[in-house]
Structure formats: C-alpha cells, structure tokens
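Visitor: what's the 3D shape of this:
(one chain, ligands or ions: 1)
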Amino acid sequence: MAQCLDIDGSILEGGGQILRISISLSAILGIPVRVMNIRAKRSKPGLAAQHLKGIQLVADMCQAKLKGASIGSTEIEFTPGKIRGGHYVADTQTAGSISLLLQVALPCALMADGPVTLDLKGGTNADMAPQIDYMDKVLRPVLQKFNANFSLKIHRRGYFPRGGGHVTVDVTPVRQLQSALIMERGDLLSVKGLSFVAGTLPIKLAYQMADGARQELGQFPNVNINCYKEDRHMAPDNCSGIVLWCETSSGCVLGGDALGRRGTDAHTAGAQAAGALRAALLSRACIDAHMQDQVIIYMALAEGRSAINTGEVTLHTKTAMHIAELIAKSKFTIQPEGDLNIIECTGLGLINKNIPTE
Ligand SMILES: Nc1ncnc2c1ncn2[C@@H]1O[C@H](COP(=O)(O)OP(=O)(O)OP(=O)(O)O)[C@@H](O)[C@H]1O
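Guide: Next comes the predicted model:
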C-alpha cells in the first residue's frame, strides 16, 4: 500500500469539493489520504451530512478504513481497498445534495469490478449544488465524451429543509476513460428547460421563472421551457426552480440553473439561470462555469490529452486541478485565448483491470 498523503483542506476554495475529489482519487488509485482542515473556509467548518455520507459511501464501495469521520470533524483518514461492484445506499437524512453524493461516488463506480447501483437519498434540488436535473441533462452528456456513462431515475424529490428525495443511479464500469477534446462551440441548436413548482406553491411561479429566462435569452433561437407542478406524491414539500440546458451543432452541452427564493420575484430566478447560460453562450465557451471543476477528475484519469475551451477558470476548478496534480500527478495547464481559456491535461490512462478489453 502506498504511503499516506496529507491533503490540506483549507487551500484555495477550502470547501467540501477538496474532500470529495481527494476521496474519489484515493479510492481509485489505492492511495491512503489524510485530509486536514476540512472546509476551513466555511462559516461552519468540518463535515456536514452530505460530506460525511459521501465519504462513507465511497468507503463502503471500496471497503476502506475510515478514521475520524463524524459530523463536524475537521480531519479524516481514508485507507482504501478494492472498489467492488454492487448495490450501495447513502442517505444524508437532510436536504444534503444527492448530486454531490453522486459527484464523489461516480468516478469510483466507473472503476469498480462490476456494475454499481447507487440508491441516494437527500436533496434533489438544493442550493449551492447542481440540481439533479443538471446532472442528468448537462453532466451526463458531457461525461459521455469521456466514455463515462450512467443512468438515473428520480423516485422522489427532496428539498430544503427536510430532504427525503430518492434517486437510483446505475453505472457500468469501464476499462479506461477516454480523453475528450471539447474545443469547438459550433452553432446553438436549441435551449431547453424545465421550470417547476412543488407542494403548495402556485404554478404561476413556474411561468414567471420561464418568462424571466426567456427575456434573458431573447436573442437565441428555439428556446423551449416546460412549466409544470410536481405531483404531490413525488414532491410533497414546497420548492420552485428552473434548469436550462442547450445543445450546439458540435455536441457541446451547457447549462444554467437556479432555485426560487421566498421574498424574491420568480422572474429573478429565471433571469439568474438564463444569465449564466447566456454569458457562457456569448463567450463561445464549450462548457459552463459549473461544469469546469466537475470534469477535472475525468481529465486526470483518462487516456491521453484532453482539452476544454472555457470561460474564466473558477476557483473551484483551480482547486480540483491542484488536488488532482497532488494525488494523481496529472499535469494541468491553463492557456488564455482571448476571453477564453483552454484547460489541458494529459491523463494517467488508468486501466481498470477487472473489465476485459472490448
Ligand atoms: N448552480 C449550480 N449548478 C451546477 N453545479 C453547481 C451549482 N452550484 C454549485 N455547483 C457545483 O457543486 C459543487 C459544490 O462544491 P462546494 O465545495 O462548493 O460545495 P459543498 O461540498 O457543499 O461544500 P461547501 O459547503 O464546503 O462549499 C461544485 O462542483 C460546483 O461546481
């Protein structure tokens, strides 16, 4: 077993993402890690429910030894074993994000020795995290370019503060991730979206969010936003939100999303989601700002050179690159090109020996 690597959780972004990417890479590469100063830059440092359940999920998947993992803990040690296929369950028991449980577990599931089913419980549409619909409509097609495939089924929606959402994700592991060149934006084909309300909130809020989004996206063709109210069995609690995604002729998929807020005009949530997408489209970036940090681990593990043309590089992305360089030793570069930046990496080309050559 390799020597234990110390990771400082307070560097750069200093949030939960450092922990997730460290644990995923530790499990995949078989490198024990000690993560210290966990979420040191947050107002309430240490592990919250989503982080704790996420690392326990990965520990389960690879029969890791996990020390120091409890709510509020600022230091953990993770000694991974072999990643096994099978059925795993994680429940944040709060509105802690299901998407972020998936963010830590998905790269590991792709390197398991057999098919993986994840039953994930918590928040489906939570703040400061991708909405589950973003994972399905934006992350999924982007990851397909890396030969990383998954399917997801939403059984029940969970919102702040109660959570209670339930999503099943099926993952077929791969022998090797492939590199991706996401460099040509192409022409915009269409913008699609969903604008929802749930619980006792009136459907008019969904229409107002969609109106706010359409106004912001006025200059683009084929904007089609589906407004609806969630079935009360599927989503008993109150919430509203909007998720937008677009496709281009070269196969780029970009998104933008927002949740409605009590006391804030619903138009504003729509305009916020659309504003993020509009800015990315006008800059001719090939992925949106939130996708950047989420693809770094796949670039680090894939075979060969990946390159992605994107907007301003976020602190989350620089943080993910730093951790990937530290644990996986993959080298990243950022090359400015006018208003855009090309993120490049020659990946490890990790081979999952349990999966036969196709
Ligand atoms: N609106 C959004 N749409 C899509 N992805 C998002 C959105 N907001 C945040 N994300 C993504 O969710 C992840 C959030 O990571 P981050 O470390 O900030 O959160 P966290 O684990 O909840 O920890 P912390 O509370 O410490 O910030 C990042 O991958 C980020 O890109």
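Visitor: Please make it C-alpha for all contacts and neighbour counts, starting now.
Guide: OK.
Visitor: Residue 99 touches residue 131, doesn't it?
Guide: Yes. With contact defined as C-alpha atoms under 8 Å, residue 99 reaches residue 131; the gap is 6.8 Å.
Visitor: what is in contact with the two at once?
Guide: Counting by C-alpha atoms under 8 Å, 6 or more residues apart in numbering, the common neighbours of residue 99 and residue 131 are residue 124.
Visitor: got the residues of the stretch 1-150 of the chain near the ligand?
Guide: The stretch 1-150 of the chain comes close to the ligand at residues 15, 16, 17, 39, 42, 128, 129, 130, as judged by C-alpha under 6 Å from any ligand atom.
Visitor: In a markdown table, list these along with secondary structure.
Guide: Output for those, formatted as a markdown table (DSSP: H, G, I helix; E, B strand; the rest coil):
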| residue | secondary structure |
| --- | --- |
| 15 | coil |
| 16 | helix |
| 17 | helix |
| 39 | coil |
| 42 | coil |
| 128 | coil |
| 129 | coil |
| 130 | coil |
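Visitor: Spell out for me the ChimeraX command that would select the buried members of these.
Guide: Provided next is the ChimeraX selection string for whichever of these are buried by 16 or more other C-alpha atoms under 10 Å:
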select :15,16,17,39,129,130
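Visitor: Might you calculate how far stretch 90-104 sits from the centre of the chain?
Guide: A distance of 11 Å separates the centroid of the chain from that of stretch 90-104, by C-alpha atoms, centre = their mean, to the nearest Å.
Visitor: Need the distance between the two termini of that stretch.
Guide: The first and last residues of stretch 90-104 sit 12 Å apart, counting by C-alpha to C-alpha, to the nearest Å.
Visitor: next one: stretch 55-74
Guide: Stretch 55-74 has an end-to-end distance of 13 Å (C-alpha to C-alpha).
Visitor: quick one: it to chain centroid distance?
Guide: Distance, stretch centre to chain centre, for stretch 55-74: 20 Å (C-alpha atoms, centre = their mean).
Visitor: For that stretch, which outside residues touch it?
Guide: The contact list for stretch 55-74 (C-alpha under 8 Å, 6+ apart) reads 20, 23-24, 27, 36-40, 45-49, 52, 75-85, 88-90, 104-105, 108-109.
Visitor: Please apply the same query to stretch 225-239.
Guide: By C-alpha under 8 Å, 6+ apart, stretch 225-239 touches 155-159, 191-201, 203, 206-207, 210, 244, 259-260.
Visitor: so which of those also contact the ligand?
Guide: Subset of those in contact with the ligand: empty, counting by C-alpha under 6 Å from any ligand atom.
Visitor: And those residues, which of them are buried?
Guide: 156-159, 191-199, 203, 206-207, 210, 244, 259-260.
Visitor: Quick check: mean pLDDT of stretch 265-277?
Guide: Mean pLDDT, stretch 265-277: 97.
Visitor: Would you mark the buried spots in that stretch?
Guide: Across stretch 265-277, burial judged by 16+ other C-alpha under 10 Å covers 266, 267, 268, 269, 270, 271, 272, 273, 274, 275, 276, 277.
Visitor: Switch those residues over to a markdown table; also include distance to the ligand and secondary structure.
Guide: Below are the buried residues of stretch 265-277 laid out as a markdown table (distance: C-alpha to the nearest ligand atom, whole Å; DSSP: H, G, I helix; E, B strand; the rest coil):
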| residue | distance to the ligand | secondary structure |
| --- | --- | --- |
| 266 | 16 | helix |
| 267 | 17 | helix |
| 268 | 14 | helix |
| 269 | 11 | helix |
| 270 | 12 | helix |
| 271 | 13 | helix |
| 272 | 10 | helix |
| 273 | 8 | helix |
| 274 | 11 | helix |
| 275 | 12 | helix |
| 276 | 9 | helix |
| 277 | 11 | helix |
